[in-house]
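Participant: sequence and predicted structure, then a few things I'm wondering about:
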Amino acid sequence: MDNRIIILREKIDKIDEKLFSLIKERLVITREMGIIKQENKISIEDIDREMEIIDRLLLNSNDTLSDTELKRVFSIIFKFSKIMQK
């Protein structure tokens, strides 16, 4: 196999590890947020907040991901965040 592919795969593996760590950290925080929301009888779902996040990320995307792709990725993250808040 071309050595360049091996090197790129190793880079991707390192990025995947970082992504996984950040997602775990995000889910820990959302679990804590869920407890606070339950204590204060606040709805878990906050569509305005989700759109605020998407809009902010789209401004910084530099067309790396299309609007649709970015929304798909983050809709999954939002879904798991809501599950963790229950």
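Facilitator: Sure thing, it's come through.
Participant: what helices or strands is the helix of greatest length in the chain leaning on?
Facilitator: Longest helix in the chain by number of residues, with DSSP state H as the criterion: helix 3-39. Using 3 or more C-beta pairs under 8 Å, 6 or more residues apart in numbering; DSSP states H and E as the contact test, the elements touching helix 3-39 are helix 67-85. C-betas here are computed from N, CA, C, even on glycine.
Participant: please identify the buried residues of the helix it packs on?
Facilitator: Buried residues in helix 67-85, counted by 16 or more other C-beta atoms under 10 Å: 71, 74, 78, 81, 84, 85.
Participant: that helix packs against which elements?
Facilitator: Using 3+ C-beta pairs under 8 Å, 6+ apart as the contact criterion, the elements in contact with helix 67-85 are helix 3-39, helix 47-60.
Participant: list the buried residues in the shortest one.
Facilitator: It stands for helix 47-60. Buried residues in helix 47-60 (16+ other C-beta under 10 Å): 50, 54.
Participant: okay then, goodbye and thanks.
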